[in-house]
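Participant: can't give you the sequence, but here's the structure:
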């Protein structure tokens, strides 16, 4: 009987402590009393996850390659076809490169993919029942990473860092429901806000101009924040898959298909510094014509 | 709580949290991520009683709430797993429970924790909660908890008995 009473008291205390934690965490935000707790989690548990990942990653790779065995033949055929096509394209590259060099010199542009990045590997993922699309990567403040830096992969924009420990960082993916990125339709000046939907295969883009002409298949790139943080400019986000709302309506939105396959994230890059936009020289007619 | 019991429970909980976020969550399981921590809390509660079970649930929950890349509100998982650990301990007070009944208990608890987590998150204004996915998450969470419970119950019970014999001397 005494034991039951004691366990009830323990239960009551722990429930109260949990509720207190919830209230503090909701009220506190970034400077609140639960901040040290989260930082401790990032530091201690993050390091432990990193150690764990060094055992886990080779095993995971093995299982994933097992799953892909059946597709290997089809993949080889696909790659051979790609290779042949690329060989053909390669012959024209030398010519193109010379022209690009000429044009770049003319415009005073810097090479576009000039982002200074730190490579990192995804080592942990949030449980699906938490509804949050976040991952942990194995690079942190010791590698020069700070809060609110863009994270990219070979395909495009992945997300931004929201928590940084010494050796690990937490990345909020662009598909998370709390994520929003300034986006621009490539080739035009149409801008909008790209928000996550909580589903890994779609994003929504709220267009600022209700009269914007948008077609399915248009490419959306990041607009870029001031100072390149949290989002560096010019990173591909996705393609327009569907338009919602008719032209001229007060708000129009587009459904985007992200370039990055969230379920297969592996190696990513954290953008430490966006390319500095080179001052463009004004083009005088004489300089173009070459005299 | 005796030191040995705390050490054994602590190691098991930390391992469970690490395995859940670095191994189980990245694997493409359909629906929910298998709730290993919950199953471990049920086992610990069933072995060490309701007080220890509640403490284990709280510790496991806080660890899950702060283990990167957790982004939800700190305390929600702690609250729910505290209740789970307590209930598992009370459930074990009757002597004639077969071992598999605790696997069934975790099968029942896992979907309820998913539902309660979504409801609490929604009430507290978390914009991420997607109600159209909750049913699928509950069903899959129950299935994974059943499998994990059946697989882990006997080995972990034996481990507890071996590591903390004094808890069973009564």
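Facilitator: On my side now, so go ahead. None of the values given here were measured: they were computed from a predicted structure. Numbering: from 1, shown residues only, chains lettered A, B, ... in the order given.
Participant: in the stretch 1-150 of chain A, which ranges drop under the pLDDT threshold?
Facilitator: Within the stretch 1-150 of chain A, the stretches with pLDDT under 70 are A:1-2, A:29, A:63-70, A:91, A:94-95, A:98-114.
Participant: what are the ranges of the helices in it?
Facilitator: Counting by DSSP state H, counting those that start in this stretch, the stretch 1-150 of chain A has these helices, from start to end: A:2-28, A:35-40, A:46-67, A:72-107.
Participant: any chance of the ones you listed in CSV, with distance to residue B:9 and mean neighbour count too?
Facilitator: Placement of C-beta: from N, CA and C, glycine included. Shown next, in CSV, are the helices of the stretch 1-150 of chain A (distance: least, C-beta to C-beta, whole Å; neighbours: other C-beta atoms under 10 Å in any protein chain shown):
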stretch, distance to residue B:9, mean neighbour count
helix A:2-28, 14, 16
helix A:35-40, 20, 15
helix A:46-67, 17, 15
helix A:72-107, 45, 10
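Participant: tell me the mean pLDDT over stretch B:76-86?
Facilitator: What stretch B:76-86 shows for mean pLDDT is 96.
Participant: does that stretch come close to chain A?
Facilitator: Yes. Stretch B:76-86 is in contact with chain A by C-beta under 8 Å from any C-beta of the partner chain, via B:76, B:78, B:79, B:82, B:83, B:86.
Participant: Out of the residues you listed, which is nearest to chain A?
Facilitator: Of all those, chain A sits closest to residue B:79, with 3.6 Å by C-beta to the nearest C-beta.
Participant: which residue packs closest to the closest one, ignoring adjacent ones?
Facilitator: residue A:18 (3.6 Å; C-beta to C-beta, 6 or more residues apart in numbering or on different chains).
Participant: quick one: contacts for the one you found?
Facilitator: Residue A:18 makes contact with B:58, B:61, B:75, B:76, B:78, B:79, B:82, according to C-beta atoms under 8 Å, 6 or more residues apart in numbering or on different chains.
Participant: try 10 Å
Facilitator: Counting by C-beta atoms under 10 Å, 6 or more residues apart in numbering or on different chains, residue A:18 touches B:57-58, B:61-62, B:65, B:74-83.
Participant: Max pairwise distance over those residues: which two?
Facilitator: Pairwise distances across these peak at 16.8 Å for B:74 and B:83 (criterion: C-beta to C-beta).
Participant: Between those two, point out the one with more neighbours.
Facilitator: residue B:74 (25 against 22; other C-beta atoms under 10 Å in any protein chain shown).
Participant: secondary structure class for the more buried one?
Facilitator: coil (DSSP: H, G, I helix; E, B strand; the rest coil).
Participant: residues contacting it?
Facilitator: Residue B:74 sits in contact with A:18, A:21-22, A:24-26, A:28, A:32, A:34-35, A:37-38, A:41, B:61-62, B:64-66, where contact means C-beta under 10 Å, 6+ apart.
Participant: ok, now with 7 Å
Facilitator: Shown in contact with residue B:74 (C-beta atoms under 7 Å, 6 or more residues apart in numbering or on different chains): A:21, A:25, A:34, A:37, A:38, B:65, B:66.
Participant: Most widely separated two among these?
Facilitator: Taking C-beta to C-beta, no two of these sit farther apart than A:21 and A:38, at 11.0 Å.
Participant: For residue A:216, which non-adjacent residue is closest in space?
Facilitator: With C-beta to C-beta, 6+ apart, the residue lying closest to residue A:216 is residue A:240, at 5.4 Å.
Participant: Name whatever forms a beta bridge with that neighbour.
Facilitator: Counting by DSSP bridges, residue A:240 is bridged to residue A:256.
Participant: Now for it: which residues touch it?
Facilitator: Going by C-beta under 7 Å, 6+ apart, residue A:240 touches A:214, A:215, A:216, A:217, A:218, A:220, A:254, A:256.
Participant: what about the last one, how many neighbours?
Facilitator: Residue neighbour count, defined by other C-beta under 10 Å, stands at 26 for residue A:256.
Participant: my read: it touches residue A:238, true?
Facilitator: Yes. Counting by C-beta atoms under 7 Å, residue A:256 does reach residue A:238; the two are 3.9 Å apart.
Participant: okay, and the common contacts of the two?
Facilitator: With C-beta under 7 Å, 6+ apart, residue A:256 and residue A:238 have common neighbours A:203, A:220.
Participant: Where does the residue nearest the centre of chain B fall, secondary structure wise?
Facilitator: Note on chain B: the residue nearest the mean C-alpha position is residue B:38, at 1.1 Å, using C-alpha atoms, centre = their mean. In this structure, residue B:38 sits in helix B:36-48 according to DSSP states H and E.
Participant: following that helix, which helix or strand shows up next?
Facilitator: Remark: after helix B:36-48, the chain's next helix or strand is helix B:50-66, criterion DSSP H and E.
Participant: so what does that next one touch, helix or strand wise?
Facilitator: Helices and strands touching helix B:50-66, by 3 or more C-beta pairs under 7 Å, 6 or more residues apart in numbering or on different chains; DSSP states H and E, are helix A:2-28, helix B:3-19, helix B:36-48, helix B:76-91.
Participant: Contacts for the third one, please.
Facilitator: Which is helix B:36-48. Helix B:36-48 is contacted by residues B:5, B:9, B:12-13, B:16-17, B:19-20, B:24, B:52-53, B:56-57, B:60, B:64, B:81, B:84-86, B:88-89, B:91-92, B:102, B:105-106, B:109-110, B:113, B:145, B:148-149, B:152-153, B:156-157, B:160, B:167 when judged by C-beta under 7 Å, 6+ apart.
Participant: Buried ones among those residues?
Facilitator: B:5, B:9, B:12-13, B:16-17, B:19-20, B:24, B:52-53, B:56-57, B:60, B:64, B:81, B:84-86, B:88-89, B:91-92, B:102, B:105-106, B:109-110, B:113, B:145, B:148-149, B:152-153, B:156, B:160, B:167 (16 or more other C-beta atoms under 10 Å in any protein chain shown).
Participant: and stretch A:169-187, average pLDDT?
Facilitator: Mean predicted lDDT for stretch A:169-187 stands at 91.
Participant: That one: which residues count as buried?
Facilitator: For stretch A:169-187, using 16+ other C-beta under 10 Å, the buried residues are A:169-185.
Participant: near chain B too, which of these?
Facilitator: Subset of the buried residues of stretch A:169-187 in contact with chain B: A:170, A:171, A:172, A:176, A:177, A:178, counting by C-beta under 7 Å from any C-beta of the partner chain.
Participant: can the top helix by length along chain B be found next to chain A?
Facilitator: Counting residues, the longest helix found in chain B (DSSP state H) is helix B:131-163. Yes. Judged by C-beta under 7 Å from any C-beta, helix B:131-163 and chain A are in contact via B:137, B:141.
Participant: Buried residues of that helix, list them for me.
Facilitator: So for helix B:131-163, counting by 16+ other C-beta under 10 Å, buried means B:133-134, B:137-138, B:140-146, B:148-150, B:152-153, B:156, B:160.
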